[in-house]
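J.: how would this look folded up:
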Amino acid sequence: MENVLVAGATGTTGQIVVNILKNSQYFRPVAMVRKEDQQDQFKENGVKTVIGDLEEDISDAFKDIDRVIFAAGSKGKKVKAVDQDGAIKMIKAAEHKGIKKFVMLSSMGADNPEVSEDLKDYLIAKKNADDHLRKTSLNYTIVRPGSLTNDNAKGEIEIDHKLNKFGKISRADVAKVLTSSLHDNGPKNKAFEILEGETLIAEALESIRD
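T.: All right, here's what the predicted structure looks like:
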């Protein structure tokens, strides 16, 4: 089994990602947390943790790591320091370590930050991080969901490189897309948008590979 470093493991989507990986026959989650007291919730469930603050040096967090899911976010509080610079710091560390796959949780609109005045700074930060990832030698997948909800997983999505519309999708389905993208047969060096839809996630990801 391969170790997957989950940045943003304490967040709502990140916790779902960790739980999916915990039950995987291929991957083992390693939850990256900022503080020691955040380790307990994972240790109680048998999940390994590492300390890593996106505003500090995070190179030690990559020990024995094979793949990465970046699901961290500042919730609008530190978009440059965390959503942009923190992500880029993770990307650089992953490239230095020769990580096999880097899966980035981005956002719909990241390719055109002007689309939302309220979210412009956040979308600029995500765009800069995505652009940096594209320029690396890493095998990557960039997942850009619409508005996130706490609904139950539907298991079906709508997907395209550019959907040209807005909508919503559950965090549970986003987490499934992120973890499914880790696999060697998942989308390679692709960026795509997702919303709730009518196509099974596995089929949707297969369609975006080409």
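
J.: ok, residues contacting the worst-scoring helix or strand of the chain on mean pLDDT?
T.: Of all helical and strand segments in the chain, the minimum by mean pLDDT, DSSP states H and E falls on helix 40-43, at a mean of 90. The contact list for helix 40-43 (CB atoms under 8 Å, 6 or more residues apart in numbering) reads Ala9, Thr10, Val18, Ala31, Val33, Lys48, Thr49. C-betas here are computed from N, CA, C, even on glycine.

J.: partner residues bridging the fifth one?
T.: Here Val33 sits in beta bridges with Ile51, going by DSSP bridges.

J.: Report how many residues lie close to it.
T.: The number of residues packed near Val33 is 23, by other CB atoms under 10 Å.

J.: what sits against it?
T.: Contacts of Val33 by CB under 8 Å, 6+ apart are Ala9, Thr10, Gln39, Phe42, Thr49, Val50, Ile51, Gly52.

J.: show me what contacts Ile194?
T.: So Ile194 contacts 143-146, 157-159, 163, 169, 173-174, 177, 204 (CB under 8 Å, 6+ apart).

J.: residue boundaries of the strands in the chain?
T.: Counting by DSSP state E, the chain has strands at residues 2-7, 27-33, 48-51, 67-70, 101-105, 140-145, 147-149, 156-160, 168-170, 190-196, 199-200.

J.: Columns pLDDT and distance to Ile65 on top of the contacts of Ile194, output as CSV?
T.: As requested, the contacts of Ile194 are exported to CSV (pLDDT from 0 to 100; distance: CB to CB, whole Å):
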residue, pLDDT, distance to Ile65
Val143, 97, 19
Arg144, 96, 24
Pro145, 96, 24
Gly146, 94, 30
Ile157, 96, 28
Glu158, 96, 32
Ile159, 96, 28
Leu163, 93, 32
Ile169, 97, 28
Asp173, 97, 25
Val174, 97, 22
Val177, 97, 21
Ala204, 95, 27
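
J.: Now tabulate the residues you listed in a markdown table and tack on distance to Ile91 and neighbour count.
T.: Formatted as a markdown table, the contacts of Ile194 follow (distance: CB to CB, whole Å; neighbours: other CB atoms under 10 Å):
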| residue | distance to Ile91 | neighbour count |
| --- | --- | --- |
| Val143 | 15 | 27 |
| Arg144 | 16 | 22 |
| Pro145 | 20 | 26 |
| Gly146 | 24 | 20 |
| Ile157 | 25 | 24 |
| Glu158 | 28 | 17 |
| Ile159 | 23 | 20 |
| Leu163 | 25 | 17 |
| Ile169 | 24 | 23 |
| Asp173 | 25 | 25 |
| Val174 | 20 | 24 |
| Val177 | 19 | 23 |
| Ala204 | 25 | 21 |
